[in-house]
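> coords below, sequence missing:
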């Protein structure tokens, strides 16, 4: 029976107190070990109400609530409502100055506080919560409590910034809350549902957790908000506390759904809202563990939280191929209209703007008249008898589907393809908005006519409060939040053009952008003009080149001391710059020169020097730098004096892992999660916030088709936003110490891989980053350090004076620096230094193992590989053009990722295997040389491949690039062209490479007893066929 059916919708206090009569002994709130019944809640609330009334609180007076999250806040809200006053929830994390500003706007003169916040410096009369009120005294003095409420009673004032960034006090009608509580779609059922309370009470959605639950007589369970940081723990908590009903903000739902899609499987109703709901998280939940009802809730605070709702079904996500999910129909006593810009109704499936009204409509803003005038409008002829109707203008574009459901056309899945990558523009926009630096953003792929140029651009409007030069800060945050291939060039718009519907006019933005960039290009001197103009300085010519390559950067931002990479240059821009310098100045500069002389003036001076003296490969300088780092950096790392713990023993099983957003790291993560002795894996992810870190991790797992994990495996994953290239991994001192004590073992698989960058550019991440991980391993609990290196740490061994035919795993790396690693690219040089540092410490007793991998090409069964690595770029473009470079007596020692991850996991299980290096390479008889590789790939792709001499092949690649082919090798041209020893390029130096012994590896694997179940290391023809199919699927 619905006991609320005969009570007035506005009298929320009467509805609350009625529960005492109907089920007074039922638990109203459970907060950890504490619980109170509805009868106890009623008495405690009356005590607060009485205190407020005695201090002079009048009807609808705003009363601030500043208490700890959970039971104290819930009691206070009921007490304020009982007094006939208006609740103003306050965030305890805000400063006194911020709270004072809100109190001023809301005209708050009274505060309900708990002991913890009694001493806050706020100018208001304070009423302190009493733990054990005098029941007999209350019965005598609270006969007329709760106070009767009028139909227009204002129950809450909530502060929201909306899309403008300016905080506004929104007045919430009590009737709007009751409206949600009574709607069949959103109603928690009395006596059946347990409602999870997890939202900050200052956010509007918390009213569903609190008010709608208490009105319906359900039990509220206060959840530990700290568990929200770990989807696995959160999922377990939902089930342990038997939560059947909850409202989750969209961002949190996305994170939990991707990390643990079965989290909600035992729930009856899950409402998700606050932002546009993405399809993939919904698919994951519906496929693996759906609640009985998954509701897509839509509604602004100005319409009391929820205005529309729709139960998401599998059919909805299947039909939403374009990225739209229905927000459904208006809730009970809610009206929704779709108008064009002339306030005429939009019919059919046409798009218009959504206007909302009804019982949930706010009374308006406090002291925000301009926002009031634009946000709330009166439309004639819509009310009963043709009366005017007051509505809220959402500024959201919607349409209706064939079933009549409203569909929010805000966040579509807009995807473009560039340089072999599929790039979701909406993800770029979302991440940029989350930086808090912009008010609006439009991401787009721009093809400039007749300019042979495709650009990934984000047009941004910065927030007015952000003074100074914001662009470098935003660029840095984009680089921290997004994969390299998704980092856009930034173009500032003073204001975005808008459609007549009040939304950003994306088409007009694109037109303005293209026009601006083409005008910018036309202002720069052509290559031919610069080449022949003797009066133009080298610096001026180079500045013009930079302006053409980085066409989105304003010319005034390119000054003599401007850094090429500081304004957004990437390895692709380096390739274009080297080509431009060749055409304008007639010299061939090295990629290393660009990285090491990256300012405009510095590079111009270096070009002048090379015009007179020719490019020089600074072998002696490079060698000195490598040897100095290898000889000195390890000395500050302490050698543990205690044996490391057995990380798989009882009470341990806590793994710290880097590199999980890479190729090998993703598969290593899966290997670790499948070990029953492993209870938790903390993954360090380069990001500045937790949600971004989780998104990066699971986007990477999905990239390699590993995201569909069982719930028990997902529950083991924790993500830490940080950066191993920074001191303490980018963590606070206390967090670093906690991690050092927590971890049972450290696996370091992370590295910065770039085929153009010199040693100086990779040193911070790969050398200093390894030192930072060694410090972690040496701090706190004694634990082993498992380090992943590469055979690139030996360099082109064919150059050695006394070239070895076979390299032993226990041989030192030092002899290879002078004649081999000296000519390796910067990545390989940084790996030599890092490997040498770890080896030096290992020889002195540091508990570590080193795993030197061959080239990890693909997964042996699925063929899935890393589309960003050198092999995928090389093989894709060679099959596309039907040509390959003849590379005699060269081999990459190709291995599969499933072998590498399994072998590392097996060897690491015993501390007896510490103190040695392991070559994870094919056996001598199974390794494929490069020319055979090209022919096997051509056969698998059904393409006739023609072998060409290296320089002839390189000429064909250059020609294809100049003819506007989007070759994936284009960013790597500097590395392919660079001559580092006489006339020989770096690629040609790998002729006559030594082979690698693997006795340590074979011996360690045999001792595990699992060697017979482990696949062979080498990539075979069947593997290559699967790999080629994978590459073809990415086109």
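Perfect, I can see it now. Bear in mind that the values here come from a model prediction, so they are computed numbers and not experimental data.
> Identify the residue spatially nearest to residue 546, adjacent ones excluded.
residue 558 (5.4 Å; CB to CB, 6 or more residues apart in numbering). Every residue, glycine included, has its C-beta placed from N, CA and C.
> ok now do the one you found, which residues does it touch?
Residue 558 sits next to 543, 546-547, 550, 567, 600 when contact means CB atoms under 8 Å, 6 or more residues apart in numbering.
> If you count neighbours, what's buried in the helix or strand containing residue 335?
In this assignment (DSSP states H and E), residue 335 forms part of strand 334-339. The neighbour-count criterion (16 or more other CB atoms under 10 Å) identifies 334-339 as the buried residues of strand 334-339.
> wait, which of those is closest to residue 576?
residue 338 (47.4 Å; CB to CB).
> avg pLDDT for stretch 107-115?
Across stretch 107-115, the average pLDDT comes to 91.
> residues of it that come out buried?
Those would be 108-114, for stretch 107-115 by 16+ other CB under 10 Å.
> what does it contact?
So stretch 107-115 is in contact with 48, 52, 55, 57, 61-68, 72, 76, 79-80, 85, 88, 102, 120, 122, 124-129, 366, going by CB under 8 Å, 6+ apart.
> burial count for residue 1024?
22 (other CB atoms under 10 Å).
> Only the buried residues of the helix or strand hosting it, if you could.
Here residue 1024 sits within helix 1021-1033, counting by DSSP H and E. Under the neighbour-count criterion of 16+ other CB under 10 Å, helix 1021-1033 has 1023-1028, 1030-1031 buried.
> out of the residues you listed, which one sits closest to residue 581?
Using CB to CB, the buried residues of helix 1021-1033 come closest to residue 581 at residue 1031, 32.7 Å.
> Correct me if wrong: the closest one contacts residue 875.
Yes: with contact defined as CB atoms under 8 Å, residue 1031 counts as touching residue 875 (6.7 Å).
> sorry, back to before: next up, phi/psi of the residue nearest to residue 546, please.
phi -100, psi 100 (degrees, to the nearest 10).
> measure the most centrally placed residue in the chain to residue 19 for me?
Centroid check for the chain by CA atoms, centre = their mean gives residue 692 as the closest residue, at 2.2 Å. As judged by CB to CB, to the nearest Å, residue 692 and residue 19 stand 42 Å apart.
> Could you find the two of the buried residues of stretch 107-115 that are most distant from each other?
Every pair of those checked by CB to CB; the farthest is 109 and 114, at 19.0 Å.
> just curious, which of the buried residues of stretch 107-115 is nearest to residue 380?
residue 108 (37.0 Å).
> That closest one and residue 599, how far apart?
Noted for residue 108: a distance of 54 Å to residue 599, by CB to CB.
> next one: residue 187
Taking CB to CB, one finds residue 187 at 64 Å from residue 599.
> domains in this structure, as residue ranges please.
1-151, 175-342+353-368, 415-522, 524-616, 636-1033 (automatic domain parsing).
> Now for residue 1008: which residues touch it?
Residue 1008 neighbours (CB under 8 Å, 6+ apart): 906-907, 909-910.
> ok, so of those residues, who is nearest residue 242?
residue 909 (38.0 Å).
> Tell me which of the domains of the chain sits most buried.
domain 175-342+353-368 (a mean of 22; mean count of other CB atoms under 10 Å).
> What is the end-to-end distance of it?
23 Å (CA to CA, to the nearest Å).
> that older thread, could the buried residues of helix 1021-1033 go into TSV alongside distance to residue 31?
Listed next are these as TSV, based on distance: CB to CB, whole Å:
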residue	distance to residue 31
1023	56
1024	60
1025	59
1026	54
1027	55
1028	58
1030	51
1031	55
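> So what touches whichever strand or helix holds residue 543?
Assessed by DSSP H and E, residue 543 sits inside helix 538-549. Identification of contacts with helix 538-549 by CB under 8 Å, 6+ apart yields 520-521, 524-525, 530, 533, 553, 555, 558, 560, 564, 569, 573, 576-577, 580-581, 584-585, 600-601, 603-605, 607-608.
> Now, the residues you listed that are in strands?
Applying DSSP state E to the contacts of helix 538-549, no entry is found in strands.
> Restricted to helices, list those.
520-521, 530, 573, 576-577, 580-581, 584-585, 600-601, 603-605, 607-608 (DSSP state H).
> just to revisit the earlier point, pLDDT (mean, whole number) over the helix holding residue 543?
Here the average pLDDT along helix 538-549 is 86.
> Show me the shaky parts of the stretch 601-750 of the chain.
The stretch 601-750 of the chain contains residues with pLDDT under 70 at 612-619.
> all strands for it, in order.
For the stretch 601-750 of the chain, the strands defined by DSSP state E, counting those that start in this stretch occupy 654-658, 680-686, 717-722, 745-748.
> tilt between the second one and strand 654-658?
So that's strand 680-686. Angle of strand 680-686 versus strand 654-658, following axes from the mean of the first three to the mean of the last three CA atoms, to 10 degrees, is 20 degrees.
> In its sheet, which strands sit next to strand 680-686, and in what direction?
strand 654-658 (parallel), strand 717-722 (parallel) (DSSP bridges).
> And for the shortest one?
Here strand 745-748 has these sheet partners by DSSP bridges: strand 654-658 (parallel), strand 784-790 (parallel).
> got a list of contacts for that strand?
With CB under 8 Å, 6+ apart as the criterion, strand 745-748 contacts 644-645, 647, 654-659, 668, 672, 724, 770, 773, 776-777, 783-788, 904, 908.
> Let's see that with 7 Å instead.
Applying CB atoms under 7 Å, 6 or more residues apart in numbering, the contact partners of strand 745-748 are 647, 655-658, 668, 770, 773, 776-777, 783-788.
> Same question for the third one.
Among residues not part of strand 717-722, those counted as contacts by CB under 7 Å, 6+ apart are 230, 232, 259, 680-685, 687-690, 692-694, 697, 729-731.
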